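A.B. asks: coords below, sequence missing:
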């Protein structure tokens, strides 16, 4: 399909492909360096008014949804479609030719040919060689020559379609993603233990969406390893239709509940706000922190009190405990009871430090010079009153994505297509046998549309194998 | 004997192999090449043993998971896949000089795992998000991809060294395999890596969908793996459709491997879902 249409000419170019792939790669970096979809205030504070305005106009704070990024993806799809259509018509004729013709000249042009002689005349070899070609290659043609015969054989002609299969898979991924964004939704719901919801809040618009059924959270439980790391978050859920329980299931991370095309995932949890203020429920004398100085590896134990700065040994500045929070949050996840303080190094800015009681190694994440931990502390010391009567809510991610099966079929097709494109090729061999006295002179040549070196090794192997065949007596 | 001791031995074996592959190349001797080959084989075997033992130890402690869950374990597995892939290349292409450029990467991975104070070799329990059957499929395929790109990187460096100095027929450079073969080997490794990186990203997406309810969320690790995929896709298209060859492909392969390294290590310094990879 040769076209003079300028739009077609623009999209049919592989230069455009290279440009688009590299542009996508380069621009994608931005969104990994600037955290996406954070609070505008955070951005304003970080970048100042000018950069904030500029980035905001360019959609940098939600760049993967920005018009220009989506345009790049759209151009890539157009490029793939046009290139594939343009080349497919030619490839199609190659794959399904009216009549198969082997061109001896193409083999003659090869630099490398395998050559050996056999102490038998060509007639004696013909049957064995033909059978070999039939077994290894399938499609074959035997021509008589003046001095003997030539066997042409080939296989995997259809693998020339591999690259179109990969391209189709990319289209399926994009189509599946579009179906998902048009006909699906992403929502969430926080349900206190014992309560139910029949609406979820949508992530993008914040709108409430009725589900058509009710989710009840019977119970939420959390368990920890002895290292303090979380082991399991479990919600016992019941689905109700017209007040009738229809499904009961415990969900954990990696094992969601699916009902009527809607999936319910364990996403987060939290403690319900306690009824009374627990500010002074714990005894301030009992708080002991470990300060591990990275440079020397020394661990120092220090008693701390709210509002009173303590010196950190080895000249690392001061630490001031600010408050105790029975239900602290980190990146919108509830992490339970935690201490909060400010570390002021001798040089540089003071940093805020969060010390969750359930995660003694939490402060390592900050990668500071000094690691502060509450490792030796009994959690009960800090919250004596409320251990048993703590009430949780479960945070559920409630999604519907009817495009996911299109995406998954794209995944399977992509793997198959890549395998075919990279590791299978259309291979043709030519075995020419000519009489030389009582002996036969044999030449073996092979061509493939890909991986020429691999084909050369294969031809060597075939020649070695043929040289051992004795043929008819 | 515990797995950490076995794996320290592996570091030593890969270091030995790397040294002797270089010696075989520099001094044009076959004896060091044979020693190096044996060291690499022993390294791989003990690497597998250490991996299995660590798996068993995790069951003994009561955690019970495949040793593919943190930085130390991934480095050990990375070194293993490079070792396996390199031995395959040596057997198939009948050249040991690639070893001088590939085994050092396996050695560096193991040395970093064993010696860096930032990498803890303690067996840690699995956090809820990692408890999935997809863990093994996802990590194994990703690391076969990474290691193929690592070998491609080594071969691309060889290509550039050889092509820069091809006029001066210095013995050291003359002994490098031919440019055509190096170019072909880079291409083969990139194709292999691309297939496995694709499967790695796909298994990760399917896993994410069962854990978080969305198969793609533009988390930094996901995005960087996609950036890597774009770079190698560019390489493949440039080569197959535009006939790029040699130096240009070698440069792209080096840029691609830089993206791999950033996906593997650099992303841990950015916020995101994959942050457990850093501990």
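C.D. replies: Thanks, I have it. Since the model is a prediction, treat every value here as computed from it, not as a measurement.
A.B. asks: so how many other residues sit close to residue 260?
C.D. replies: Going with chain A. 12 (other Cβ atoms under 10 Å in any protein chain shown). Heads up, the C-betas are built off the backbone N, CA and C, glycines and all.
A.B. asks: sorry, should have said chain B
C.D. replies: Residue B:260: 27 neighbours (other Cβ under 10 Å).
A.B. asks: now it: how far from chain A?
C.D. replies: To chain A, residue B:260 is 13 Å away according to Cβ to the nearest Cβ, to the nearest Å.
A.B. asks: Confirm for me that that residue is in contact with residue B:151.
C.D. replies: No: applying Cβ atoms under 8 Å, one finds residue B:260 not in contact with residue B:151, separated by 11.6 Å.
A.B. asks: Now residue A:186: phi and psi?
C.D. replies: The phi and psi torsions at residue A:186 (degrees, to the nearest 10) take the values phi -120, psi 120.
A.B. asks: so what's it up against?
C.D. replies: A:202-204, A:397, A:399, B:213-214 (Cβ atoms under 8 Å, 6 or more residues apart in numbering or on different chains).
A.B. asks: Can you mark which positions in the longest helix along chain A are buried?
C.D. replies: When chain A is scanned for its longest helix (criterion: DSSP state H), the result is helix A:67-95. By neighbour count with 16 or more other Cβ atoms under 10 Å in any protein chain shown, helix A:67-95 contains the buried residues A:69, A:72, A:75-77, A:79-80, A:82-84, A:86-88.
A.B. asks: Quick one: mean pLDDT over stretch A:373-385.
C.D. replies: If you average the pLDDT over stretch A:373-385, you get 54.
A.B. asks: How about stretch A:36-50?
C.D. replies: 84.
A.B. asks: got the contact list for it?
C.D. replies: Counting by Cβ under 8 Å, 6+ apart, residues outside stretch A:36-50 touching it are A:52, A:55-56, A:61-64, B:218.
A.B. asks: I'd like the distance from that stretch to the chain centre, please.
C.D. replies: 28 Å (Cα atoms, centre = their mean, to the nearest Å).
A.B. asks: ok, and for it, which residues are buried?
C.D. replies: Neighbour-count burial for stretch A:36-50 [16+ other Cβ under 10 Å]: A:36, A:43, A:47.
A.B. asks: Likewise for stretch B:3-12?
C.D. replies: B:3-4, B:6-12.
A.B. asks: So which of those residues reach chain A?
C.D. replies: Among those, no residue lies close to chain A (Cβ under 8 Å from any Cβ of the partner chain).
A.B. asks: now, the most widely separated pair of these?
C.D. replies: B:3 and B:12 (15.0 Å; Cβ to Cβ).
A.B. asks: Who does residue A:354 form a beta bridge with?
C.D. replies: residue A:340 (DSSP bridges).
A.B. asks: State the pLDDT value of it.
C.D. replies: 85.
A.B. asks: where's the closest residue in space to residue A:84 that isn't next to it in sequence relative to residue A:310, distance?
C.D. replies: Leaving aside its sequence neighbours, residue A:84 sits nearest to residue A:167 (Cβ to Cβ, 6 or more residues apart in numbering or on different chains; 4.8 Å). Per Cβ to Cβ, to the nearest Å, residue A:167 is found 64 Å from residue A:310.
A.B. asks: Tell me who's in contact with the closest residue to residue A:450 other than its chain neighbours.
C.D. replies: Among residues not flanking residue A:450 along the chain, residue A:425 sits closest, at 4.1 Å (Cβ to Cβ, 6+ apart). If a contact means Cβ under 8 Å, 6+ apart, then residue A:425 has A:156, A:159, A:448-451, A:454-455 as its contacts.
A.B. asks: Quick check: residue A:425 is in a helix.
C.D. replies: No: assignment of residue A:425 by DSSP: H, G, I helix; E, B strand; the rest coil gives coil, placing it outside any helix.
A.B. asks: And it, how far from chain B?
C.D. replies: Taken as Cβ to the nearest Cβ, the span from residue A:425 to chain B is 12 Å.
A.B. asks: Check that residue and give its pLDDT.
C.D. replies: 93.
A.B. asks: ditto for residue A:332
C.D. replies: 62.
A.B. asks: Tell me the backbone dihedrals of residue A:25, please.
C.D. replies: phi -60, psi -50.
A.B. asks: which element is residue A:347 on?
C.D. replies: Assigned by DSSP states H and E, residue A:347 belongs to no helix or strand.
A.B. asks: do the same with residue A:408
C.D. replies: Judged by DSSP H and E, residue A:408 forms part of helix A:404-423.
A.B. asks: follow-up on the earlier one: report how many residues lie close to the residue nearest to residue A:84.
C.D. replies: 23.
A.B. asks: tell me which strands and helices the one helix or strand it maps to is in contact with?
C.D. replies: Using DSSP H and E, residue A:167 sits within helix A:162-183. Packing partners of helix A:162-183 (3 or more Cβ pairs under 8 Å, 6 or more residues apart in numbering or on different chains; DSSP states H and E): helix A:67-95, helix A:404-423.
A.B. asks: can you give me the helices for chain A?
C.D. replies: A:6-11, A:14-33, A:40-58, A:67-95, A:104-108, A:122-137, A:162-183, A:379-382, A:404-423, A:452-468.
A.B. asks: Counting by contacts, list what the helix or strand harbouring residue B:24 packs against.
C.D. replies: Taking DSSP H and E as the criterion, residue B:24 maps to helix B:3-27. Here helix B:3-27 touches helix B:31-61, helix B:71-93, helix B:99-115, going by 3+ Cβ pairs under 8 Å, 6+ apart.
A.B. asks: contacting residues for the nearest residue to residue A:148 once chain neighbours are set aside?
C.D. replies: Spatial nearest neighbour of residue A:148, chain neighbours left out: residue A:122 (3.5 Å); criterion: Cβ to Cβ, 6+ apart. Residue A:122 makes contact with A:147-149, A:433-435, A:440 under the criterion Cβ under 8 Å, 6+ apart.
A.B. asks: Could you tell me which of those residues count as buried?
C.D. replies: Applying 16+ other Cβ under 10 Å to these flags A:148-149, A:433-435, A:440 as buried.
A.B. asks: and residue A:360, how far is that from chain B?
C.D. replies: Counting by Cβ to the nearest Cβ, the gap from residue A:360 to chain B is 13 Å.
A.B. asks: count of neighbours near that residue?
C.D. replies: 18.
A.B. asks: what bits of the stretch 1-150 of chain A have low per-residue confidence?
C.D. replies: A:1-3 (pLDDT under 70).
A.B. asks: can you list the residues of it near chain B?
C.D. replies: Applying Cβ under 8 Å from any Cβ, we find that the stretch 1-150 of chain A lies next to chain B at A:14-15, A:17-18, A:21-22, A:24-25, A:28-29, A:31-33, A:35-36, A:64.
A.B. asks: Residue A:27 touches residue A:72, doesn't it?
C.D. replies: Yes: with contacts counted by Cβ under 8 Å, residue A:27 reaches residue A:72, the gap being 7.1 Å.
A.B. asks: Now stretch A:450-464: buried residues?
C.D. replies: A:450-451, A:453-456, A:458-459, A:462-463.
A.B. asks: For chain B, state which of those residues is nearest.
C.D. replies: residue A:453 (4.9 Å; Cβ to the nearest Cβ).
A.B. asks: The closest one: what's it in contact with?
C.D. replies: B:181, B:184.
A.B. asks: Let me see the confidence value for it.
C.D. replies: Reading off the model, residue A:453 has pLDDT 81.
A.B. asks: Then residue A:248?
C.D. replies: 93.
A.B. asks: What residues does residue B:11 make contact with?
C.D. replies: Here residue B:11 is in contact with B:107, B:110-111, B:113-114 (criterion: Cβ under 8 Å, 6+ apart).
A.B. asks: if we go to 10 Å?
C.D. replies: Under the criterion of Cβ atoms under 10 Å, 6 or more residues apart in numbering or on different chains, the contact list for residue B:11 reads B:43, B:47, B:76, B:79, B:106-115.
A.B. asks: where does the stretch 101-250 of chain B dip in pLDDT?
C.D. replies: In the stretch 101-250 of chain B, residues with pLDDT under 70: B:166-170.
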